[in-house]
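# pasting a predicted model and its sequence here:
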Amino acid sequence: EEVAQELAHLKALVTESLRELRRIIFNLRPMTLDDLGLVPTLNRYLENLREQEGAPIEFSVVGEEVRLPSMMEVALFRFVQEAVNNARKHAKAKRIQVTLEYADDKYVVVTVEDDGVGFEPEALEADLQRESFGLMSMKERIELLDGEFSVSSSPGRGTRLVARVSRASAAQDRP
């Protein structure tokens, strides 16, 4: 009886470990990004967060979806991933809204907005220098695409992160 219980426990551990390993691999480089594009990959990622962790995330797409250069899709996926992670871990948000906008034929704009605790904007520069590696990596990722990154926040009123990238800036990357 004890051996059967131990085997059942080990089987559950192995199953959970495999599930976690698959999640980690997906988060490192989701294969669906190359195969299906940014929108389906974000849909899947955010749906998994909603299902597995009950994360209060809404996702919307504005404009007609267009495949973007691979480098741009990866950077925008990572931007959303980091922004949502920050909102979940630090903001104590009841709602997180992710919006991907294909603005005219020139820009892609990604906005991640939460209704969490927010922070003092004046502290942002110091945080970017010292300890806020998440914000710093998001900013650097977007700037590598010659894009614009902005943060607006205030205590008790949430945070809004926006990445705006020219669709032409890396158009040579995808056939």
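Sure thing, it's come through. Numbering: from 1, shown residues only.
# which residues touch the closest residue to Glu58 other than its chain neighbours?
In this structure, Glu58 finds its nearest non-sequential neighbour in Gln97, 5.0 Å apart by C-beta to C-beta, 6 or more residues apart in numbering. Heads up, the C-betas are built off the backbone N, CA and C, glycines and all. By C-beta atoms under 8 Å, 6 or more residues apart in numbering, the contact list for Gln97 reads 57-58, 60, 111-114.
# for the residues you listed, pick the one with the most neighbours.
Neighbour counts for those, by other C-beta atoms under 10 Å, peak at Asp114, which reaches 27 neighbours.
# so what's that residue bridging to?
Asp114 has the following beta-bridge partners by DSSP bridges: Ile96, Thr159.
# and the helix or strand hosting Thr111, how far out from the chain middle?
Take DSSP states H and E as the rule and Thr111 turns out to sit in strand 107-114. Distance of strand 107-114 from the chain centroid (C-alpha atoms, centre = their mean, to the nearest Å) equals 10 Å.
# contact partners of it?
Under C-beta under 8 Å, 6+ apart, the answer for strand 107-114 is 68, 72, 76, 79-80, 83-84, 87, 91, 93, 95-103, 158-167.
# what about that strand, average pLDDT?
If you average the pLDDT over strand 107-114, you get 96.
# cool, and stretch 70-85?
91.
# just the buried residues from the contacts of strand 107-114, in ChimeraX please.
To isolate the buried ones among these in ChimeraX, judged by 16 or more other C-beta atoms under 10 Å, type:
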select :68,72,76,79,80,83,84,87,91,93,96,97,98,100,101,102,158,159,160,161,162,163,164,165,167
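# could you pick out which of the contacts of strand 107-114 are located in helices?
Applying DSSP state H to the contacts of strand 107-114, the entries found in helices are 72, 76, 79-80, 83-84.
# count of neighbours near Ser154?
The local packing of Ser154 (other C-beta under 10 Å) involves 11 other residues.
# helix, strand, or coil at the residue nearest to it when sequence neighbours are not counted?
Leaving aside its chain neighbours, Ser154 sits nearest to Gly118 (5.2 Å; criterion: C-beta to C-beta, 6+ apart). Classification of Gly118 using DSSP: H, G, I helix; E, B strand; the rest coil returns coil.
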